[in-house]
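**Student:** fold the following for me, if possible:
(2 chains)
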Number of protein chains: 2
Amino acid sequence: MKNILVIGAGLSASSMLRYFTQHAESEDWYIKVVDQNAALAQSKVAGCSRAEGFSINALDPEERGPLIEWADIVISMLPARFHIDVAIDCVKHKTNLITPSYISKEMKELHEEAEEAGILIMNEIGVDPGIDHMSAKKILDEIEEKGGKMHIFESFTGGLIAPESDDNPWNYKFTWNPRNVVLAGQGSAAKFIQEGQYKYIPYNKLFRRTEIINIDGYGDFEGYANRDSLKYRSKYGLDDIPTIYRGTFRRKGFSKAWDSFVQLGATDDSYILEGSKDMTKREFINSFLPYNPNDSVELKLRHYLKIDMDDIIWDKLVWLGIFDRTEMGFTEDVTPAYFLQKILEEKWSLGKDDKDMIVMWHKFVYKLNNDYHEINSHMVSIGEDQTYTAMSNTVGLPCAICAKLILNGTIQTKGVHLPIHKEIYKPILEELESFDIKFTDTVVDPPVLYIEPSRV
Amino acid sequence: MKNILVIGAGLSASSMLRYFTQHAESEDWYIKVVDQNAALAQSKVAGCSRAEGFSINALDPEERGPLIEWADIVISMLPARFHIDVAIDCVKHKTNLITPSYISKEMKELHEEAEEAGILIMNEIGVDPGIDHMSAKKILDEIEEKGGKMHIFESFTGGLIAPESDDNPWNYKFTWNPRNVVLAGQGSAAKFIQEGQYKYIPYNKLFRRTEIINIDGYGDFEGYANRDSLKYRSKYGLDDIPTIYRGTFRRKGFSKAWDSFVQLGATDDSYILEGSKDMTKREFINSFLPYNPNDSVELKLRHYLKIDMDDIIWDKLVWLGIFDRTEMGFTEDVTPAYFLQKILEEKWSLGKDDKDMIVMWHKFVYKLNNDYHEINSHMVSIGEDQTYTAMSNTVGLPCAICAKLILNGTIQTKGVHLPIHKEIYKPILEELESFDIKFTDTVVDPPVLYIEPSRV
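**Tutor:** Residues are numbered from 1 along each chain as shown, chains lettered A, B, ... in the order given. The predicted model follows:
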């Protein structure tokens, strides 16, 4: 019997735990799920005789140590900053570890210790990061094998609302952490490289520099640039690639309207808005507009952001209720970003039958025998319901499948890794197809290239 | 004989040291000036038998302690973060202290210890902060004395180029730390209150929300909001004032053109621009623009920032040489803000006969006997040359005069203070007039009011 420990039983653990409980008998597994919330942990493995859920304080080494020692593999669904402590325990007890989060510098430094302990610590094996790495690396390796040289790599992922549940003018609902959506793109400028030229987009232009991508059968999406595309050059072994660009998908038209909030300053999370406890939505918007007692908030906003009378972003803004004279019921003053989040949550929350959707799209342009070639590859995954969402499936299933492959010896790699090696991504991508998480590749002929720079 | 210790002999110490050396005989003073640079310290007191300049490491308590013990008063011109260590020594040795910098929390907490030691620690007694406090508080106190209740307080200060040296399309040159000019307004949103409504301006709108002020004889200026106007409510005892707004002056038209750099992201100091070591100015600008090999940088910039063919900001941008195919000669990659600073320094540096100018303007609206009244008050100070600049005079002379008034017993206050009490500001403002640093007050009748909010 192999023992599996899952730390954290939140949203993204549902599909993973279903996979574990369904395979527990055939694979001879015993699963323990721990969470701060015992009832939640129990509910996620209910009815499975080879699994139990209970509560521990996973941040306490005394409490988690014996469980890590007991386990053959740990899947940590904790917030990313806590993974390193779990990893150190895993090295100590020679227990494999899987996390869906971005690898940290400290985690990388455990590589040799993990190798010596004979364990695998697999990071970034959710959806983004995760399925993006695996699906991209599969095609990149194929191109390399046939002697092609990569010229352009672009990649976009979005967590969106499924078409059948898409019933608002933003074509958007919160299918994941609302706070992250409000703060998306803040911090340092977005960085990428295009035809060998470094390009930088500050936050105040991020949502106006989008790229439109059509996905057959699903219509138009738009992508805005992710923080740092450049680091993927070394991750993917593409150090000399002239163009690399990664971004986030929204439905076409979202970003231009969202930029209104960016321009207002309403997404700022760095200060407390004085008096916001008692502000109406309308007063909240007005706090970012010039003072003028004779003009309405509506006209001031149109003028300030130069929104024409017939601009469709206006309907989006009005639909959100931002001009309503209703208070939010806060018990204390909040930041602009929090105030905005709460306005949005009233409108962008999922209805009980709503389903989410994960969309991923890659573009590969490579040179082979002096000709350019282009492949596009996309994956669309629709959630089953609000437990087994597309997000939960695409985050949890790669983790679960990876765990199985480690436990049954298919994956033999040791050390600290990302899922960018064929031994790892190949069987995982193959099994994901049985869950309808699969990529469709298209050859684009002639390829869509940027012209070589004639002048700057 | 009274002993004066000046720590730091940089630009802003020149006028102060001239004052001290000129008064040394009549006031019976001995002055020691210390700086990292011994020659600089010596040059600032050359020819005065009652003064000497030499080098110490002022950050070393062993070196500065005996000098602080020797002195009756210390003027610290160190970077603001070092004042607190000097202040602690001053309490220990019962030596008075003056700094032109913003008061820190730690400094405030020394109040009782300073009182017990029988010393005065005077902060914020340069120009801004400094002369702004004194000149505003003088009129605020007068209004209060006659029973008026303040309704609007606005205050703007600018360090600019004197009209006779104003010969470029930006009407601007660097008369002070260029880095601070490039970074101005970054960080948290600007906050103020207008007719009881809190208002917030994010960085990306800061230079588009300016106010135009005409100063008789000097033409039009424009002001953009300072970081936090709200904290001046408690400083000035104006807790219930409906409108308070503080800002920075530029010449009219500067901010709209400057906003081009803000929108591009060229003022960002938070990351290193890859490859910037070898970039031309043109390539620097291009790194913020969308990739397109068929369009010129000029056209891409015009389109990106929506700059019309006849917009006068275009001439400003072209004049700066931002489209030049010349490299900067950096020895390593730099941040966007630093790259921009170096472009600007080539164009905005002072010619050898150029003079600077400090402009300050206050607006006071108060209610008395059910009528509103308005007073405007302004001060314009032109530099003498590039040693005794307007900045050096307006920062250094208030410190110097304050020191004299402490040493000769005119100022008796003890503890940690700002120059907002009549005993302090009155004699200082009076003596500043003899240096042509004086305010002209104008009654505005009828007063320019914001109308009471009829609707929002």
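**Student:** name the helix or strand of chain A that has the lowest mean pLDDT.
**Tutor:** helix A:231-235 (a mean of 93; mean pLDDT, DSSP states H and E).
**Student:** gap between that one and the chain center?
**Tutor:** 18 Å (C-alpha atoms, centre = their mean, to the nearest Å).
**Student:** that helix - contacts with which helices or strands?
**Tutor:** Identification of packing neighbours for helix A:231-235 by 3 or more C-beta pairs under 8 Å, 6 or more residues apart in numbering or on different chains; DSSP states H and E yields strand A:243-251. C-beta: built from backbone N, CA, C; applies to glycine.
**Student:** re the thing from before, next, the buried residues of the least confident helix or strand of chain A.
**Tutor:** A:Tyr232 (16 or more other C-beta atoms under 10 Å in any protein chain shown).
**Student:** same check on stretch A:293-300?
**Tutor:** Counting neighbours by 16+ other C-beta under 10 Å, one finds that the buried residues in stretch A:293-300 are A:Asp295, A:Val297, A:Glu298, A:Lys300.
**Student:** the nearest residue to the last one once chain neighbours are set aside in helix, strand or coil?
**Tutor:** Nearest residue to A:Lys300 in three dimensions, chain neighbours excluded: A:Leu289, at 4.4 Å (C-beta to C-beta, 6 or more residues apart in numbering or on different chains). With DSSP: H, G, I helix; E, B strand; the rest coil as the basis, A:Leu289 sits in coil.
**Student:** which residues touch A:Leu289?
**Tutor:** A:Leu264, A:Val297, A:Lys300, A:Leu301, A:Tyr304, B:Lys199 (C-beta atoms under 8 Å, 6 or more residues apart in numbering or on different chains).
**Student:** is it correct that the first one is in contact with A:Leu305?
**Tutor:** Read that as A:Leu264. Yes - with contacts counted by C-beta atoms under 8 Å, A:Leu264 reaches A:Leu305, the gap being 7.5 Å.
**Student:** against B:Ile401, how distant is the residue nearest the centre of chain A?
**Tutor:** In chain A, the C-alpha nearest the mean C-alpha coordinate belongs to A:Asp128, at 4.5 Å (C-alpha atoms, centre = their mean). As judged by C-beta to C-beta, to the nearest Å, A:Asp128 and B:Ile401 stand 64 Å apart.
**Student:** next: A:Thr410.
**Tutor:** Applying C-beta to C-beta, the value for A:Thr410 to B:Ile401 is 83 Å.
**Student:** okay, those two: which has more neighbours?
**Tutor:** The neighbour count for A:Thr410 versus B:Ile401, taken as other C-beta atoms under 10 Å in any protein chain shown, is higher for B:Ile401 (23 against 15).
**Student:** can you give me the mean pLDDT across stretch A:187-202?
**Tutor:** Model confidence over stretch A:187-202, given as mean pLDDT, is 94.
**Student:** which residues sit against it?
**Tutor:** A:203, A:206, A:209, A:224-230, A:233, A:241-246, A:450, A:452-453, A:456, B:263-265, B:268, B:270-271, B:273-275, B:283, B:286-291, B:293, B:336.
**Student:** buried set for that stretch?
**Tutor:** Within stretch A:187-202, the residues that count as buried by 16+ other C-beta under 10 Å are A:189-195, A:197-202.
**Student:** same check, this time on stretch A:160-175
**Tutor:** For stretch A:160-175, by 16+ other C-beta under 10 Å, it's A:Leu160, A:Ile161, A:Ala162, A:Ser165, A:Asp166, A:Pro169, A:Trp170, A:Asn171, A:Tyr172, A:Lys173, A:Phe174, A:Thr175.
**Student:** and stretch A:34-45, by the same measure?
**Tutor:** Neighbour counts over stretch A:34-45 (16+ other C-beta under 10 Å) mark A:Val34, A:Asp35, A:Leu40, A:Ala41, A:Gln42, A:Ser43, A:Lys44, A:Val45 as buried.
**Student:** ok, so of these, who is nearest chain B?
**Tutor:** Distance to chain B across the buried residues of stretch A:34-45 (C-beta to the nearest C-beta) is lowest for A:Asp35, with 36.7 Å.
**Student:** could you report the pLDDT at the closest one?
**Tutor:** 96.
**Student:** need the per-residue pLDDT for A:Tyr450.
**Tutor:** 73.
**Student:** biggest helix in chain A by residues?
**Tutor:** helix A:390-407 (DSSP state H).
**Student:** what about it, average pLDDT?
**Tutor:** Here the average pLDDT along helix A:390-407 is 98.
**Student:** using PDB, list the CA coordinates for it.
**Tutor:** Extracted in PDB, the C-alpha atoms of helix A:390-407 (Å, rounded to 0.1, in the frame of the first residue of the first chain):
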ATOM      1  CA  ALA A 390     -12.300  23.500 -15.200                       C
ATOM      2  CA  MET A 391      -9.900  25.200 -12.900                       C
ATOM      3  CA  SER A 392     -10.000  22.300 -10.400                       C
ATOM      4  CA  ASN A 393      -9.700  19.700 -13.100                       C
ATOM      5  CA  THR A 394      -6.800  21.400 -14.900                       C
ATOM      6  CA  VAL A 395      -4.900  22.200 -11.600                       C
ATOM      7  CA  GLY A 396      -5.700  19.000  -9.700                       C
ATOM      8  CA  LEU A 397      -5.600  16.300 -12.400                       C
ATOM      9  CA  PRO A 398      -2.000  17.000 -13.500                       C
ATOM     10  CA  CYS A 399      -0.900  16.800  -9.800                       C
ATOM     11  CA  ALA A 400      -2.900  13.600  -9.200                       C
ATOM     12  CA  ILE A 401      -1.700  11.900 -12.400                       C
ATOM     13  CA  CYS A 402       1.900  12.900 -11.600                       C
ATOM     14  CA  ALA A 403       1.500  11.400  -8.100                       C
ATOM     15  CA  LYS A 404       0.300   8.100  -9.600                       C
ATOM     16  CA  LEU A 405       3.200   8.000 -12.000                       C
ATOM     17  CA  ILE A 406       5.700   8.600  -9.300                       C
ATOM     18  CA  LEU A 407       4.100   6.000  -7.000                       C
END
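**Student:** if we can go back for a sec, which two from the buried residues of stretch A:187-202 end up farthest apart in space?
**Tutor:** Greatest spacing in the buried residues of stretch A:187-202, by C-beta to C-beta: A:Glu195 and A:Pro202 (21.0 Å).
**Student:** tell me which parts of the stretch 101-250 of chain A are close to chain B?
**Tutor:** Neighbours of chain B within the stretch 101-250 of chain A, by C-beta under 8 Å from any C-beta of the partner chain: A:188-189, A:191, A:194-195, A:197-205, A:209, A:230.
**Student:** try it again with 6 Å
**Tutor:** A:Ser188, A:Ala189, A:Gln194, A:Tyr198, A:Tyr200, A:Pro202, A:Asn204 (C-beta under 6 Å from any C-beta of the partner chain).
**Student:** who's the third one bridged to?
**Tutor:** Same thing as A:Gln194. Assessed by DSSP bridges, A:Gln194 has beta-bridge partners A:Gln197.
**Student:** hang on, the earlier thing: and the residue nearest to A:Lys300, what pLDDT?
**Tutor:** For A:Leu289, the model assigns a pLDDT of 96.
**Student:** do the same with the one 10 residues further on
**Tutor:** According to the prediction, A:Leu299 has pLDDT 95.
**Student:** are we agreed that it is in a helix?
**Tutor:** Yes - using three-state DSSP, the secondary structure at A:Leu299 is a helix.
**Student:** how about A:Phe364: what's its closest non-neighbour residue?
**Tutor:** Leaving aside its chain neighbours, A:Phe364 sits nearest to A:Ile375 (4.7 Å; criterion: C-beta to C-beta, 6+ apart).
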